[in-house]
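*Asks:* Sequence and computational prediction follow.
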Amino acid sequence: MAKILVGKYEGSIYEEGDGYTGAISLGFGPDGKRKRLKRKGRTKAQVKDKLIKAVEDLEKGVKEERDHTVEKAVNALLVHLAKQGKSEATMDTYRGLADHHIIGRIGKAKLTDLTADDVERWLDECAERMTTQTLKIVHGLLRRSIRLAERRDKVARNVALLVDTPQGKHPGRRSRSLSLDEATKLLREAQGPQHRLGAYVILAIVSGLRTEELRALTWADVDLKEKVVYVLRSDREGGDTKTKKSRRGIAVADMAVDALTAHRKRQAAEKLAAGDAWQGHNLVFCREDGTPYSSDDVLRRFQQLTAAAGIGSTWVPRELRHTFVSIMSDHGVALEKISDLVGHSDTRTTQTVYRHELRPVITTGAEKMNAIFKDESSKSA
């Protein structure tokens with residue numbers, strides 16, 4: 001047994017099992033029992049380093065919990081986020097990622113034993129099967145979990161902050177935009193009464209609204225007489241729009257006004273038929289009982305519509321926004337005007353996100369759309 005001195009504390013290191021155990025005396029508790037702080041390791045040097053760190057944390061007021069695992073930390077974070085009011089959809093996503101990629105792989109590791117090298121190895125393994133965007137979310141969950149544990153004095157430092165998120169091996173599919181011919185076919189199909197999502201699709205193409213803005217749109221935000229849609233909220237956490245500039249009023253093309261008028265009459269009939277079962281959310285786009293669409297609802301109905309239009313079933317709703325930018329750019333609308341129409345804070349965002357839709361020729365949205373699709377309709381007549 002080797003005697004040691006760590007700061008003002010006396011201790012010892014001795015062989016135990018396949019390694020060594022170190023203990024330092026912290027005096028006696030109120031019950032008269034001796035208080036000792038213990039650490040284990042494979043070598044004496046490892047044990048001494050752990051004891052030195054434990055004493056430093058003790059003097060800083062950090063009450064490390066030796067059995068506080070990554071799993072406990074992640075679960076604590078998810079409870080914390082739920083109490084903060086994160087949406088159910090967000091929490092479902094976080095829980096799925098946490099269970100499969102964090103808890104399922106490194107959940108049993110104790111936070112006090114977790115190293116930056118451990119985190120780096122785990123991230124590298126995840127990167128072999130995960131997109132960069134998902135990697136960022138998963139790494140962020142671990143960082144926030146340890147940060148919460150750190151704030152609650154469960155651990156002294158956040159090793160996840162010491163590691164950069166690697167690049168994923170399989171980048172996500174880049175958004176596409178419909179050609180003018182494809183957009184025309186889709187608009188023609190969307191006008192059919194068999195599609196409850198028809199007005200949604202038409203408004204998306206001719207206005208460039210985000211999918212979360214469309215899902216949150218209420219009839220109070222729509223002025224059919226003045227042909228204006230006001231974007232004041234979105235289906236995001238807290239209900240706010242993505243940015244301050246995203247709060248905007250947009251004049252919409254005649255075909256969208258016609259589609260919304262027909263859609264409102266249809267919805268009024270559904271509301272009457274539903275009676276007391278109708279949910280009063282006043283949403284423009286909703287299920288047959290008035291309850292909100294989920295993003296999955298919209299995707300399923302949208303892909304049925306694109307398939308019926310003969311343009312395939314692999315399109316996703318956000319690509320209607322890309323289509324709007326592409327058509328505007330193709331027909332000579334200035335980048336600054338496009339940026340205003342889609343609610344970006346500056347043209348740099350538009351250039352970065354939609355650079356593959358923008359054309360070299362870079363006067364507004366509603367009148368352009370009226371002219372564009374009027375021309376297309378006359379061609380097909």
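*Replies:* Arrived safely. Residues are numbered from 1 along each chain as shown.
*Asks:* Okay, buried residues for the host helix or strand of Leu299 please.
*Replies:* Using DSSP states H and E, Leu299 maps to helix 295-308. By 16 or more other CB atoms under 10 Å, the buried positions in helix 295-308 come out as 297-299, 301-303, 305-306, 308. (C-beta placed from N, C-alpha, C; glycine too.)
*Asks:* just curious, which of the residues you listed is nearest to Lys50?
*Replies:* Leu299 (51.1 Å; CB to CB).
*Asks:* Thought Trp315 was touching the closest one, still the case?
*Replies:* No: judged on CB atoms under 8 Å, Leu299 makes no contact with Trp315 at a distance of 9.5 Å.
*Asks:* Okay, domains of this structure per the record?
*Replies:* Annotated domains of the chain cover 2-60, 70-162, 180-380 [automatic domain parsing].
*Asks:* what's the offset of the second one from the middle of its chain?
*Replies:* What that stands for is domain 70-162. 15 Å (CA atoms, centre = their mean, to the nearest Å).
*Asks:* okay, how far is it across that domain, tip to tip?
*Replies:* Terminal residues of domain 70-162 are spaced 16 Å apart (CA to CA, to the nearest Å).
*Asks:* Tell me which other helices or strands the helix holding Leu299 touches.
*Replies:* helix 180-190, helix 198-207, helix 211-216 (3 or more CB pairs under 8 Å, 6 or more residues apart in numbering; DSSP states H and E).
*Asks:* in the first one, what's buried?
*Replies:* Residues of helix 180-190 classed as buried by neighbour count (16+ other CB under 10 Å): 180, 182-187, 189-190.
*Asks:* who touches it?
*Replies:* Helix 180-190 has contacts (CB atoms under 8 Å, 6 or more residues apart in numbering) with 178, 195, 197-199, 201-202, 205, 255, 259, 305-306, 308-311, 323, 327, 330, 372-373, 376-377, 380.
*Asks:* so how many other residues sit close to Tyr9?
*Replies:* Neighbourhood size, Tyr9 [other CB atoms under 10 Å]: 18.
*Asks:* Now it, what are its backbone angles?
*Replies:* Here is the backbone geometry of Tyr9 (degrees, to the nearest 10): phi -100, psi 140.
*Asks:* Skipping adjacent residues, who's closest to it in space?
*Replies:* Ile24 (4.4 Å; CB to CB, 6 or more residues apart in numbering).
*Asks:* The one you found belongs to a helix?
*Replies:* No: assessed with DSSP: H, G, I helix; E, B strand; the rest coil, Ile24 is strand; it does not lie in a helix.
*Asks:* Neighbours of it, how many?
*Replies:* Ile24 has 24 nearby residues by other CB under 10 Å.
*Asks:* That one: what's it in contact with?
*Replies:* 4, 6, 9-11, 36-37, 51, 54-55.
*Asks:* and it, how far is that from Val6?
*Replies:* Here Ile24 is placed at a distance of 6 Å from Val6 (CB to CB, to the nearest Å).
*Asks:* Now for those two: what residues contact both?
*Replies:* Common neighbours of Ile24 and Val6 (CB under 8 Å, 6+ apart) are 51, 55.
*Asks:* Distance from the chain centre to the helix or strand containing Val325, please.
*Replies:* Taking DSSP H and E as the definition, one finds Val325 inside helix 318-330. Relative to its chain's centre, helix 318-330 lies at 22 Å (CA atoms, centre = their mean).
*Asks:* where in the protein is pLDDT low?
*Replies:* Within the chain, the set of residues satisfying pLDDT under 70 comprises 27-32, 57-66, 170-174, 233-246, 345, 349, 351-365, 375-381.
*Asks:* That one: strands as residue ranges?
*Replies:* 2-6, 9-16, 19-28, 34-41, 222-223, 228-231, 248-251 (DSSP state E).
*Asks:* what comes up buried for stretch 157-169?
*Replies:* So, applying 16+ other CB under 10 Å, buried residues of stretch 157-169: 158-160, 163, 165-166, 168.
*Asks:* so can I have JSON lines of those residues showing distance to Glu288?
*Replies:* Compiled in JSON lines, these are given as follows (distance: CB to CB, whole Å):
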{"residue": "Asn158", "distance to Glu288": "48"}
{"residue": "Val159", "distance to Glu288": "51"}
{"residue": "Ala160", "distance to Glu288": "46"}
{"residue": "Val163", "distance to Glu288": "49"}
{"residue": "Thr165", "distance to Glu288": "43"}
{"residue": "Pro166", "distance to Glu288": "46"}
{"residue": "Gly168", "distance to Glu288": "39"}
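*Asks:* for the residues you listed, which one is nearest Ala98?
*Replies:* Ala160 (13.5 Å).
*Asks:* which residues does the closest residue to Leu320 other than its chain neighbours contact?
*Replies:* Distances taken as CB to CB, 6+ apart place Ala204 nearest to Leu320, at 3.9 Å, with adjacent residues excluded. Contact analysis of Ala204 by CB under 8 Å, 6+ apart lists 211, 214, 317, 320-321, 324.
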